[in-house]
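K.L.:
Next one to model:
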Amino acid sequence: MPGYIEDRWLTKRPDPATGKRRQTPLYGKGKRYKVTGIPGVRSRSFDRKADADTWLADAQSKSRADEFVDPRAGNMTLREYVESHWWPALTADPATLETVKGRVWGHILPHLGELPLRQIKVGTLRIWLKALEGGISPGTANAAWGYLSNILEYAIDDERLTKNPCKAKTISPPKMPTRKARAWPAQQVSAVRAGLHSRYQILVDIGAGAGLRQGEAFGLAVEDIDEAAGVIHVRRQVKRVAGKLVFAPPKGGKEREVPLPGLLAARIRVYRRDHPSREITLPWKDPRPPATKLEEKDRAPRTHRLLVTNKEGGAIRAWSWNQHYWKKALAAAGVIPTPPAREKGSRANIAYGPTREHGYHCLRHTFASVQLDARESVVSVSKWMGHGDPAITLRVYAHFMPEADGRGRRAMDAWFQNLPEAGSDSQKISLDSPQLPDEPGEEAADAVAPNLNELAAAASPPSSQAVA
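P.N.:
Numbers count the residues shown, from 1 in each chain. Reported below is the predicted structural model:
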C-alpha cells in the first residue's frame, strides 16, 4: 500500500560502529514524523508517531476511495475563494448576477469573509444569522443563506472542504415569510387606475386584463398585440442592468401568448389614438461593452415600437415610475397612507411607507383570481402567466379556486345517496331522514357498516351553514 512515515530526526539505518541510528541535520528542528508517498496527497508532518500513524491510515483509506481532502486546502479565506474561484465561474443573466453580488458582498463577506473555509462551522453560522436579524428582511437573509451554501458546495467539489455546515441538522435557514397572493376587487383596481396619469392608466388594464409582469408591460410593443388572433405575445421585458435599461427575455427566458379580451383590445385602440407609440432602441440583455464578437452579436441593440413610454418618450424605469406614479395612485385610492407633506422648498422625494404587498404584481394576482374563479384550468393559467410548472400556479393561487370543498361535499353526498344499504338492493341513504327505517336485518346491516349513517350525517352541512 503506498505511503510511509519518515523520521526526519534520525537516519533510517543505524551506524555500523555503534548500532544506533544517527541524527540527521534536521534533528530537533520542526516536526519529527513525515507522512509521504501517497499518490495525489501532499506530505504532512507530525510531532507524535501515533498521530502520523492515524493520519496515514485515514489518508490511505480515503485515497483508495478517491475521497481524500487535504485539510490545508481549506486554509484559503472565504473571501479569497469567492473572488478567485466561485464568482469568476458563476454564470447567469447580468441582472441576476447583480443581485447575487449584492447579497454576497453585502451580507456574507463582511461577516465571514476573513475566515478560512475550514473554520466556518455550525456555531459560526449561528452567530452570523444572529447578526443578520433585524438588519435585513427574512427573505433577503434566506437568499444570503442559499448563496453561502452554494459557495461551500463549490468548495467541496473543489476538494477544499469535506462537508457543508449549512446542511447540519441543528441549524436551518431563515424562514421565508408566508404571504398569500391577494387579488384586488374591481373597485380598487378602478380607483388606483383613476389615480394615475392618463398616459399610464393602460398599464393597469394590461396588468389586470392579461396578467403581465411590470417589466413585460413596459416592454410590450405594438407588434405584440394581435387582435385578429385575440392574443398578446409576451416577448420581452424592460429591466435595469448595471444602472442602464435593456430589453431582455421574459422571466425564465420563455416567450408566451396570453388571451386578449375584447374590452382590453378596445381600450388599447383608444389609448393608441390618444398616445402614439414610440420606437425605442435598447441593448439586448447587457449594456456593458462586449469583449468578444459573440457578445457583440448577443448584446446588439434592438428597436421596438413600445405601446407605453414615459413623458419624455423613452422606456419606463420601474423604480422611478413606482415612486412618482404608482405609490401616489395607491395613496390617492386609500390603499396606503398619504405621507406628510414635505417642507416648502424641499426637493426630496416623498417618503411612502412599505408598499411591497401593494405592488404592480397585485394586478397579476387579480388576473389569476378571475381566471381561476371562471374555472379555467390550472394548466392554462400557468401557461398564460409564464410559470415554469403548473404546480407553481397551484401553490400560489390555490386559494383562488372557488368552492373546491363545497363541490367535493356535494359529490360525496351524491355518491352516498346512490349507495345501497348493506344487505339491501334497493334501500338508499336519505339525507333528509337522519335515521334509517327499522326493517328486518337492520342489525346485521349495522354490523357490516356501523358508521354509514354517521358518514351520511357528516356529509350534510349544518342547516345554518351554506355550502361553500
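K.L.:
which residue ends up closest to the midpoint of this protein in space?
P.N.:
For the chain, the residue nearest the mean C-alpha position is Ala143 (8.3 Å; Cα atoms, centre = their mean).
K.L.:
Secondary structure element for that one, which one?
P.N.:
helix 138-157 (DSSP states H and E).
K.L.:
roughly how far is that helix from the heart of the chain?
P.N.:
Its chain's average C-alpha position is 13 Å from that of helix 138-157, according to Cα atoms, centre = their mean, to the nearest Å.
K.L.:
next one: stretch 187-202
P.N.:
Relative to its chain's centre, stretch 187-202 lies at 30 Å (Cα atoms, centre = their mean).
K.L.:
start to end distance for that stretch?
P.N.:
End-to-end span of stretch 187-202 (Cα to Cα, to the nearest Å): 16 Å.
K.L.:
Show me what it is in contact with.
P.N.:
With Cβ atoms under 8 Å, 6 or more residues apart in numbering as the contact definition, stretch 187-202 has outside contacts at 184, 203-205, 208, 267-268, 271, 274-275, 307-308, 311, 321, 325-326, 328-335, 363, 366. No exception for glycine: its C-beta is placed from N, CA and C like everyone else's.
K.L.:
Is Pro276 located within a helix, as I assumed?
P.N.:
No - per DSSP: H, G, I helix; E, B strand; the rest coil, Pro276 lies outside any helix segment and is coil.
K.L.:
From Arg317, how far off is it?
P.N.:
21 Å (Cβ to Cβ, to the nearest Å).
K.L.:
doesn't Arg22 fall inside a strand?
P.N.:
Yes - judged by three-state DSSP, Arg22 forms part of a strand.
K.L.:
how about it, what does it touch?
P.N.:
Arg22 neighbours (Cβ under 8 Å, 6+ apart): 10-11, 14-15.
K.L.:
Which one (most neighbours) among the residues you listed?
P.N.:
Leu10 (15 neighbours; other Cβ atoms under 10 Å).
K.L.:
For the residue nearest to it when sequence neighbours are not counted, give me its contacts.
P.N.:
Spatial nearest neighbour of Leu10, chain neighbours left out: Arg21 (4.1 Å); criterion: Cβ to Cβ, 6 or more residues apart in numbering. Contact analysis of Arg21 by Cβ under 8 Å, 6+ apart lists 7, 10-15.
K.L.:
what's downstream of the helix holding Ala143, the next helix or strand?
P.N.:
Downstream of helix 138-157, the first helix or strand assigned by DSSP H and E is helix 186-194.
K.L.:
Go ahead and report the secondary structure state at Ala217.
P.N.:
Ala217 - assigned by three-state DSSP - is helix.
K.L.:
how about the closest residue to His275 other than its chain neighbours, secondary structure?
P.N.:
In this structure, His275 finds its nearest non-sequential neighbour in Arg199, 5.8 Å apart by Cβ to Cβ, 6+ apart. Secondary structure for Arg199, judged by three-state DSSP, is coil.
K.L.:
Likewise for the one 5 residues further on?
P.N.:
Classification of Val204 using three-state DSSP returns helix.
K.L.:
Quick check, it in contact with Cys362.
P.N.:
No - taking contacts as Cβ atoms under 8 Å, Val204 lies outside contact range of Cys362: 10.2 Å.
K.L.:
got the buried residues for stretch 172-187?
P.N.:
173-174, 181, 183-184 (16 or more other Cβ atoms under 10 Å).
K.L.:
actually stretch 328-338, sorry about that
P.N.:
By neighbour count on 16+ other Cβ under 10 Å, the buried set for stretch 328-338 is 328-331, 333, 335-336.
K.L.:
Run the chain-centre distance for it.
P.N.:
Per Cα atoms, centre = their mean, the displacement of stretch 328-338 from the mean C-alpha position of its chain is 29 Å.
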